[in-house]
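Participant: The sequence and its predicted three-dimensional model are supplied below.
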Amino acid sequence: MSLPSVFKSRYYWAVVVAAIIAMAAMWCKRQTPRYLTDEGVVWTTAYHITYEAIGPLSDSIQAVLDVVDRSASMFNKNSRLTAINSNATDSVDDVIARLMDCAARVNGKSGGAYDPTVKPLVALWGFGRDSVNAAPSRADIDSVLAFVGMDKVSVNNGRLVKTDPRVQLDFSSIAKGLACDMVADMLRRNGVENYVVEIGGEVVSRGVNPNGKPWTVSIDDPVTSTVSQSDHTPLLAVEAAGFAVATSGNYRRWRQDGSRRVSHIIDPTTGNAAVSDLVSVTIVARDCMTADAWATACMAMGAERTQTLLKDVPNPAVMTVTLDSLGKRVLWSNAAFAAMLQ
């Protein structure tokens with residue numbers, strides 16, 4: 001068969017059309033968004049991220065986590081925060097600046113209950129890396145309180161200004177929340193509209209899950225959950241697509257002091273480890289960093305102050321769990337939180 005005859009044959013054109021269809025199908029398959037999952041461990045805690053995208057964004061997710069680690073990690077000896085705490089630098093990057101801004105905002109609204117300058121007090125009470133068993137003396141607490149407080153640190157023209165070189169910052173309570181927010185920001189920049197980002201129990205979500213329904217976040221039961229990080233008994237769930245959820249409690253991290261269970265949350269206004277009537281508190285806010293900060297503040301304030309302060313506010317939404325005289329859980333929430341219950 002001559003070459004022109006081949007081009008005119010039905011078989012030739014059938015093969016060409018089939019090849020074009022196959023290539024188009026493969027291209028469409030590559031371009032069709034699908035739900036992907038990224039998991040790992042960061043800052044000694046697990047993270048789980050599910051998102052709908054054309055292709056994997058694992059490298060971009062890791063890049064965001066690395067940025068936060070190099071800036072604000074308490075576990076990284078070479079982080080910017082480590083250098084700031086040792087007075088090796090006073091230069092503030094964007095991550096530290098955002099953490100400081102959130103801390104100052106929630107510190108003011110909570111009457112000082114949230115304060116990242118508690119790092120020396122955390123160590124004094126034995127909740128740092130070098131744990132101790134005995135409670136510190138009042139004299140020791142007062143000596144440390146002399147350089148604790150948001151009024152002793154500020155950011156000015158990209159520099160961290162301390163009134164005392166002994167001031168140290170601990171953003172562990174909100175760094176995971178900021179990391180959730182930053183991963184979510186990166187996903188949106190890449191066109192992702194449906195996702196859930198969870199790092200160490202802090203969650204931010206948007207859009208719908210693989211079943212086409214809004215994301216729901218399960219909240220642990222602080223009474224039946226144990227100290228094991230993998231033992232989670234659900235208490236209830238909230239529909240929080242477009243919001244962030246953070247929970248803090250004294251049922252996983254605490255220290256026995258005689259007959260008392262001493263919380264790892266330190267009240268920065270008194271210097272004492274919080275002996276709170278709150279077993280746990282859950283906050284829903286517009287961003288995860290803010291939710292984290294409020295959850296910590298509420299644990300330091302206790303149930304009565306928390307409920308009085310946040311009862312009538314639309315943001316943040318809050319739910320507290322306390323125990324009655326019989327050891328039964330008592331749930332309270334403001335109207336904003338109740339509207340999200342499933």
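Facilitator: Thanks, I have the structure now. Source: prediction; values computed, not measured. Residues are numbered from 1 along each chain as shown.

Participant: And the strands in the chain?
Facilitator: Using DSSP state E, the strands of the chain run over residues 34-42, 45-53, 153-156, 159-162, 195-199, 202-206, 216-220, 234-239, 244-249, 254-257, 260-263, 278-285, 317-323, 329-333.

Participant: I'd like these laid out as TSV, including mean neighbour count.
Facilitator: Placement of C-beta: from N, CA and C, glycine included. Formatted as TSV, the strands of the chain follow (neighbours: other Cβ atoms under 10 Å):
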stretch	mean neighbour count
strand 34-42	13
strand 45-53	18
strand 153-156	15
strand 159-162	16
strand 195-199	24
strand 202-206	27
strand 216-220	19
strand 234-239	17
strand 244-249	26
strand 254-257	14
strand 260-263	17
strand 278-285	26
strand 317-323	22
strand 329-333	16
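
Participant: Of those strands, which is nearest Cys102?
Facilitator: Nearest of the strands of the chain to Cys102, taken as Cβ to Cβ: strand 278-285 at 10.5 Å.

Participant: thinking again about what came up before, save the strands of the chain as JSON lines, and put in distance to Tyr114 and mean pLDDT too.
Facilitator: Putting the strands of the chain into JSON lines (distance: least, Cβ to Cβ, whole Å; pLDDT from 0 to 100) gives the following:
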{"stretch": "strand 34-42", "distance to Tyr114": "23", "mean pLDDT": "96"}
{"stretch": "strand 45-53", "distance to Tyr114": "20", "mean pLDDT": "97"}
{"stretch": "strand 153-156", "distance to Tyr114": "14", "mean pLDDT": "96"}
{"stretch": "strand 159-162", "distance to Tyr114": "18", "mean pLDDT": "97"}
{"stretch": "strand 195-199", "distance to Tyr114": "19", "mean pLDDT": "97"}
{"stretch": "strand 202-206", "distance to Tyr114": "15", "mean pLDDT": "96"}
{"stretch": "strand 216-220", "distance to Tyr114": "21", "mean pLDDT": "89"}
{"stretch": "strand 234-239", "distance to Tyr114": "22", "mean pLDDT": "86"}
{"stretch": "strand 244-249", "distance to Tyr114": "11", "mean pLDDT": "92"}
{"stretch": "strand 254-257", "distance to Tyr114": "19", "mean pLDDT": "49"}
{"stretch": "strand 260-263", "distance to Tyr114": "15", "mean pLDDT": "50"}
{"stretch": "strand 278-285", "distance to Tyr114": "11", "mean pLDDT": "93"}
{"stretch": "strand 317-323", "distance to Tyr114": "14", "mean pLDDT": "94"}
{"stretch": "strand 329-333", "distance to Tyr114": "20", "mean pLDDT": "94"}
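
Participant: As TSV, those with distance to Ala103 would be great.
Facilitator: Shown next, in TSV, are the strands of the chain (distance: least, Cβ to Cβ, whole Å):
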stretch	distance to Ala103
strand 34-42	21
strand 45-53	21
strand 153-156	9
strand 159-162	12
strand 195-199	19
strand 202-206	16
strand 216-220	24
strand 234-239	25
strand 244-249	15
strand 254-257	24
strand 260-263	20
strand 278-285	14
strand 317-323	19
strand 329-333	25
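
Participant: May I have the residues that are in contact with Arg189?
Facilitator: Under the criterion of Cβ atoms under 8 Å, 6 or more residues apart in numbering, Arg189 has no contact partners.

Participant: Phi first, then psi, for Trp215.
Facilitator: In terms of degrees, to the nearest 10, the main-chain angles of Trp215 are phi -60, psi 140.

Participant: From Val313, how far off is it?
Facilitator: 24 Å (Cβ to Cβ, to the nearest Å).

Participant: Now do the contacts for Asp287.
Facilitator: Contacts for Asp287 (Cβ under 8 Å, 6+ apart) come out as Gly177, Asp181, Val204, Ala244.

Participant: is it true that Met74 touches Leu81?
Facilitator: Yes. Under the criterion of Cβ atoms under 8 Å, Met74 makes contact with Leu81 at 6.9 Å.

Participant: pretty sure Ala291 is in contact with Val245, am I right?
Facilitator: Yes. Between Ala291 and Val245 there is a contact under Cβ under 8 Å: 6.3 Å.

Participant: Of all the strands of the chain, which one is nearest Arg105?
Facilitator: strand 278-285 (11.5 Å).

Participant: give me the low-pLDDT residue ranges for the protein?
Facilitator: Scanning the chain for pLDDT under 70 picks out the ranges 1-19, 22-30, 128-134, 224-232, 251-264, 274-276, 342.

Participant: Just want the most central residue of it.
Facilitator: What sits nearest the mean C-alpha location of the chain, by Cα atoms, centre = their mean, is Gly177, with 2.5 Å.

Participant: Now do the contacts for that one.
Facilitator: Glu202, Ala244, Ala246, Asp287, Cys288, Met289, Thr290, Ala291, Asp292, Ala293.

Participant: Dump the contacts of Asp287 into TSV; add distance to Arg188 as well.
Facilitator: As requested, the contacts of Asp287 are exported to TSV (distance: Cβ to Cβ, whole Å):
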residue	distance to Arg188
Gly177	17
Asp181	11
Val204	11
Ala244	14
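
Participant: nearest to Leu331, of those residues?
Facilitator: Closest approach to Leu331 among the contacts of Asp287 (Cβ to Cβ): Ala244, at 20.5 Å.

Participant: May I have the residues that are in contact with the closest one?
Facilitator: Neighbours of Ala244 in contact, by Cβ under 8 Å, 6+ apart: 177, 180-181, 202-205, 284-288, 290-291.
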